[in-house]
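Asker: Fold the following and give me the result.
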Amino acid sequence: MTVQAREARGWTGGRRRILAALLALAILIPLGVLFLDHNRDQSRHRSMAAQERHGIEYLLALSQLTIALTDAQSAAVSGEPVSREVLDGTLAEVAAVDDRPGDELRARERWLQPRDTIELAASGDHTDARAASTAYAEATGLLLGLYDRLRETTGLVRDPDQDAYHVQDAAGGRLPEAIVAAGQLVDLVTLSPREPAGQQAVNNIELSVAVDAITGPVDGFVASIQAALDSTESRSLSSTVLSKYDRFLRAKDGLLLLVTPPDGNAGNIDFGQLAFIRAELQAAGDDLLVTLLTELDTLIETRAGELTRSQWRAAIALLVGVLLAFGLVAVSLVRGGRQPTRHRRPSELTAG
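Answerer: Below you'll find the model as predicted:
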């Protein structure tokens, strides 16, 4: 073999190895960039899902406080003793949740104001039922503001899934407002017979406003639940929610029928029946609120699990790409290192 042939063959093998290395880099660099972008995006969505679940934990504690607070308001307006044990227990539960993710959710300062207002309303000896109603109404108003604040800071109001978005709107916005409005409507009806005769015209106006205050949130709640059921792929959402949803609506309809009868004569209200319907509405609302928030947590947990699986699939794809690229280089090096066998011609053998 001539020197020129050996040099040409060496140059060809070296060029092959260089091309193989360049091809491997051409595979690995874009693959790595895509993996990093995908991983960064999935990590951001997983962080958002974790924050939303912290918000749901907080909302679950607030839901129990809402029920206890409306019960305390009804007792104070009716002249009955307020169950401080139940109210203090729910306040402690919210405080415990606030101690964990409260700073992350930026709800600490917003929580202190309703907490102090609730404790002030519950600690007062309200001899005047109207003053008691006003004090508790201020507390429930601040509590509903905390619901909205949490849904905003945790990103629940920006949830990318249609079913989760509508469920959070129903459970974190419409339903608590409807429960509070229903309690205040019952309190107003309870107060009416004790008011002076000249106050009746004002009471009738307040009653009309209170009825609108419950029908508006309930209509929005119904629309949100229907939109969630239409857009969801979760089987448990429809099967779990519908029975509790129907129970709450039946209790609401019964309450409105009792306080605004078709004949327009609201003067002969059966207060025993009113107390029963109010208790049923509170129980149905509590059950429905917890169920919706639990289902919402399940929806977001499922999405977080899918994000984790997507990250693993991307990591496996990257690993396969790396192995293929290194395999390509290895094969090129092996082939380039082999020297082809040179067979001697017959004339050379004879001369030998």
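Asker: chain center to stretch 305-320: distance?
Answerer: 25 Å (C-alpha atoms, centre = their mean, to the nearest Å).
Asker: Okay, buried residues for it please.
Answerer: With burial defined by 16 or more other C-beta atoms under 10 Å, the residues of stretch 305-320 counted as buried are 307, 310-311, 314, 318. In this view, the C-beta of every residue, glycine as well, is placed from N, C-alpha and C.
Asker: Secondary structure, pLDDT and distance to residue 271 added to the residues you listed, as CSV?
Answerer: Converted to CSV, those look like this (DSSP: H, G, I helix; E, B strand; the rest coil; pLDDT from 0 to 100; distance: C-beta to C-beta, whole Å):
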residue, secondary structure, pLDDT, distance to residue 271
307, helix, 70, 53
310, helix, 74, 58
311, helix, 71, 60
314, helix, 75, 64
318, helix, 71, 70
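Asker: I'd like these as a markdown table, with distance to residue 86 appended.
Answerer: Shown next, in a markdown table, are these (distance: C-beta to C-beta, whole Å):
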| residue | distance to residue 86 |
| --- | --- |
| 307 | 39 |
| 310 | 44 |
| 311 | 44 |
| 314 | 49 |
| 318 | 55 |
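Asker: Looking at these, spot the one nearest residue 75.
Answerer: residue 307 (46.2 Å; C-beta to C-beta).
Asker: what about the closest one, distance to residue 161?
Answerer: Applying C-beta to C-beta, to the nearest Å, the value for residue 307 to residue 161 is 12 Å.
Asker: what's the answer for residue 49, then?
Answerer: From residue 49 to residue 161 the distance is 10 Å (C-beta to C-beta).
Asker: likewise residue 174?
Answerer: With C-beta to C-beta as the criterion, residue 174 and residue 161 are 18 Å apart.
Asker: for residue 312, same thing?
Answerer: Relative to residue 161, and taking C-beta to C-beta, residue 312 is found at 21 Å.
Asker: More neighbours: which of residue 174 and residue 161?
Answerer: residue 174 (20 against 16; other C-beta atoms under 10 Å).
Asker: Now do the same contact list for that one.
Answerer: 217-218, 220-221, 224 (C-beta atoms under 8 Å, 6 or more residues apart in numbering).
Asker: again, only this time at 7 Å
Answerer: 217, 220-221, 224 (C-beta atoms under 7 Å, 6 or more residues apart in numbering).
Asker: Most neighbours among those, please name it.
Answerer: Greatest neighbour count in the contacts of residue 174, by other C-beta under 10 Å, goes to residue 221: 25 neighbours.
Asker: now residue 44: how far from residue 299?
Answerer: On the measure of C-beta to C-beta, residue 44 and residue 299 end up 19 Å apart.
Asker: For the two, indicate the residue with more neighbours.
Answerer: Ranked by neighbour count (other C-beta under 10 Å), residue 44 and residue 299 place residue 299 first, with 26 against 11.
Asker: At which residues are the helices of the stretch 251-352 of the chain located?
Answerer: In the stretch 251-352 of the chain, the helices defined using DSSP state H, counting those that start in this stretch lie at 271-337, 346-351.
Asker: dump the residue contacts of the nearest residue to residue 244 once chain neighbours are set aside.
Answerer: Excluding the flanking residues, the one nearest residue 244 by C-beta to C-beta, 6 or more residues apart in numbering is residue 288, at 4.4 Å. Contact analysis of residue 288 by C-beta under 7 Å, 6+ apart lists 175, 244-245, 248.
Asker: let's see it at 10 Å
Answerer: 63, 170-171, 175, 179, 221, 225, 241, 243-249 (C-beta atoms under 10 Å, 6 or more residues apart in numbering).
Asker: So which of those are in strands?
Answerer: Among those, DSSP state E puts none in strands.
Asker: Farthest pair within the residues you listed?
Answerer: Top of the distance list for the contacts of residue 288 (C-beta to C-beta): 63 and 246, 19.5 Å.
Asker: So which of those two has more stuff around it?
Answerer: Neighbour count, other C-beta under 10 Å: between residue 63 and residue 246, residue 63 has more, with 25 against 12.
Asker: any idea whether residue 127 is helix, strand or coil?
Answerer: The assignment at residue 127 comes out as coil when based on DSSP: H, G, I helix; E, B strand; the rest coil.
Asker: ok, it - contacts?
Answerer: Counted by C-beta under 10 Å, 6+ apart, residue 127 has contacts residue 79.
Asker: now residue 159
Answerer: Contacts of residue 159 by C-beta under 10 Å, 6+ apart are 48-49, 52, 151, 165-169, 296, 299-300, 303.
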